[in-house]
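# model this:
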Amino acid sequence: MEYLVTMTTHVPEGTPDKDVDNIRGREAIRASELASEGHLLRLWRPPLQPGEWRTVGLFAAQDDRDLETALASMPLRVWRTDEATPLMAHPNDPASAPATDRDGALPEHEFLTAFTVAVPVGTAALDEDEIRAKEAARARELADDGHLVRLWSLPGQQRSLGLWRAGDATEMRSILGSLPLTPWMTVEVTPLSAHPNDPATGPT
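Next up is the predicted model:
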C-alpha cells in the first residue's frame, strides 16, 4: 500500500547547529536505507515560508502499523510530526512506468494535484460514462508524453491525487485544462522541488 506523508519539523529553540547537522546526516542515511528496503519511494519539498521545514514523501508499507514503524525509525522524528494519507488504486494510474516525452527527455518540474469531481445534478449516466472514458484516454496520452507519472484515489467521494511532470506552471495549467473532466473538477496544485534525500535523484 502507498501513502503520501507530510512531514513537518520544528527544531527546538536553542538547539546547537552541530546537533541539527548530526541528525540531518543520520536522516539522510536512514532515508537511503528505507529506500533500499522499498519503504521510501520519493521525497519532495513543497513551497515553504521562511523558516518552515516541511517535506512530502511517498512511502510504501504493508499497513498503517508498518508505515508508522518506518517513520518512527527516522532520526528527525524526534522533532517532527507526520500526517499520512493512504493512497488507493486509480483506474487511470500509469503504474509508475518510466515515462518520457516525445523528445525522449523528462519535463523538468514535478507537481502534485488533488482533484475533487462533482458531477452536475441531472447528468445522464451515459453522458458521465462517455466523459470518464475520454478522461481515461487523455490520461493515457499524458502518461505516454511523460506528463502523468502516477494517479491515486484518495479517501472520500470522487477524490484523487496525481503526480505530474511539466516544463513550468503554465504548461501544467494547460495540461489540466485539457482533461475532459475539468468542467466538473476543483483542483489544488502543489509545485514540488528537489529534496536531497529523494531516492529518485540520489544514491540509495
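
# When you work out contacts or count neighbours from here on, use the C-alpha atoms and nothing else.
Will do.

# Alpha carbons of the strand or helix carrying I175, as PDB, please.
Here I175 is covered by helix 169-177, with elements defined by DSSP states H and E. Taking C-alpha atoms only, helix 169-177 is exported to PDB below (Å, rounded to 0.1, in the frame of the first residue of the first chain):
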ATOM      1  CA  ALA A 169       3.400  26.100 -14.100                       C
ATOM      2  CA  THR A 170       2.000  27.500 -17.300                       C
ATOM      3  CA  GLU A 171       2.300  24.100 -19.100                       C
ATOM      4  CA  MET A 172       0.900  22.400 -16.000                       C
ATOM      5  CA  ARG A 173      -2.200  24.600 -16.200                       C
ATOM      6  CA  SER A 174      -2.500  23.800 -19.900                       C
ATOM      7  CA  ILE A 175      -2.300  20.100 -19.200                       C
ATOM      8  CA  LEU A 176      -5.000  20.200 -16.600                       C
ATOM      9  CA  GLY A 177      -7.200  22.300 -18.900                       C
END
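
# which parts of that helix are buried?
Going by neighbour count (16 or more other CA atoms under 10 Å), the buried part of helix 169-177 is A169, M172, I175.

# Let's have these in CSV, adding pLDDT and distance to H147.
CSV is the format used below for those (pLDDT from 0 to 100; distance: CA to CA, whole Å):
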residue, pLDDT, distance to H147
A169, 95, 12
M172, 97, 9
I175, 97, 8
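
# Could you export the residues you listed as a markdown table, including distance to K18?
As requested, these are exported to a markdown table (distance: CA to CA, whole Å):
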| residue | distance to K18 |
| --- | --- |
| A169 | 37 |
| M172 | 40 |
| I175 | 45 |
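
# roughly how far is the helix holding I175 from the heart of the chain?
What separates the centre of helix 169-177 from the centre of its chain is 17 Å, taken as CA atoms, centre = their mean, to the nearest Å.

# Next: stretch 184-193.
Centre-to-centre, stretch 184-193 and its host chain are 11 Å apart (CA atoms, centre = their mean).

# Repeat that for stretch 141-151.
Relative to its chain's centre, stretch 141-151 lies at 14 Å (CA atoms, centre = their mean).

# Would you mind measuring the gap between the ends of that stretch?
One end of stretch 141-151 sits 14 Å from the other (CA to CA, to the nearest Å).

# For it, list every residue counted as buried.
Applying 16+ other CA under 10 Å to stretch 141-151 flags L142, A143, D144, D145, G146, H147, L148, V149, R150, L151 as buried.

# my guess is the second one contacts P94, does it?
Pointing back at A143 there. Yes: the criterion here is CA atoms under 8 Å, and A143 meets it with P94 at 6.3 Å.
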